[in-house]
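S.K.: Kindly generate the corresponding structure for this input.
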Amino acid sequence: MNKTELVEAIAKDTDMTKADAERALISVLGNIWKGVKKAPVQLVGFGTFKHTKRKARTGVNPATGAKIKIPAKTVMTFKASKNPKY
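M.R.: Next up is the predicted model:
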């Protein structure tokens, strides 16, 4: 499912226009992103979003086979609930 299909599904389920559904989706995702920067965001029955630090590592360029250094960075991760309620 891509963003367009998700917006259409939200619009259908909630009797919203597609424009309103897209604004709602963008708001939800934006607020999750802002919240994760401060602390983990837990949606009971769905899962938990949190920031995780990745260590620097060595990778391989698949086109040339050359080794490259991949710097450390912080990424958002998601862990699904064991018993989803949706």
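
S.K.: what distance separates the longest helix seen in the chain from the centre of its chain?
M.R.: What stands out as the longest helix in the chain, according to DSSP state H, is helix 18-38. Between the centre of helix 18-38 and the centre of its chain there are 11 Å (CA atoms, centre = their mean, to the nearest Å).

S.K.: Pull out the buried residues from the very next helix or strand once past that helix.
M.R.: Sequence order places strand 41-43 as the next helix or strand after helix 18-38, per DSSP states H and E. Using 16 or more other CB atoms under 10 Å as the test for burial, strand 41-43 gives Val41. Yep, even glycine has a C-beta here, placed from its N, CA and C like the rest.

S.K.: just to revisit the earlier point, against which helices or strands is the longest helix of the chain packed?
M.R.: Packing partners of helix 18-38 (3 or more CB pairs under 8 Å, 6 or more residues apart in numbering; DSSP states H and E): helix 3-14, strand 47-54.

S.K.: repeat that with 10 Å
M.R.: Packing contacts for helix 18-38, counted by 3 or more CB pairs under 10 Å, 6 or more residues apart in numbering; DSSP states H and E, involve helix 3-14, strand 41-43, strand 47-54, strand 73-80.

S.K.: Run me through the strand neighbours of the third one, direction for each.
M.R.: When you say that, I think you mean strand 47-54. Strand pairing for strand 47-54, determined by DSSP bridges: strand 41-43 (antiparallel), strand 73-80 (antiparallel).

S.K.: Return the alpha-carbon coordinates of it using PDB.
M.R.: Taking Å, rounded to 0.1, in the frame of the first residue of the first chain, the C-alpha atoms of strand 47-54 are listed here in PDB:
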ATOM      1  CA  GLY A  47       3.300  -0.600  18.400                       C
ATOM      2  CA  THR A  48       6.100   1.700  19.500                       C
ATOM      3  CA  PHE A  49       8.200   4.200  17.500                       C
ATOM      4  CA  LYS A  50      11.500   5.300  18.900                       C
ATOM      5  CA  HIS A  51      14.900   6.700  18.000                       C
ATOM      6  CA  THR A  52      17.800   4.300  17.800                       C
ATOM      7  CA  LYS A  53      21.500   5.100  17.200                       C
ATOM      8  CA  ARG A  54      23.300   3.100  14.500                       C
END
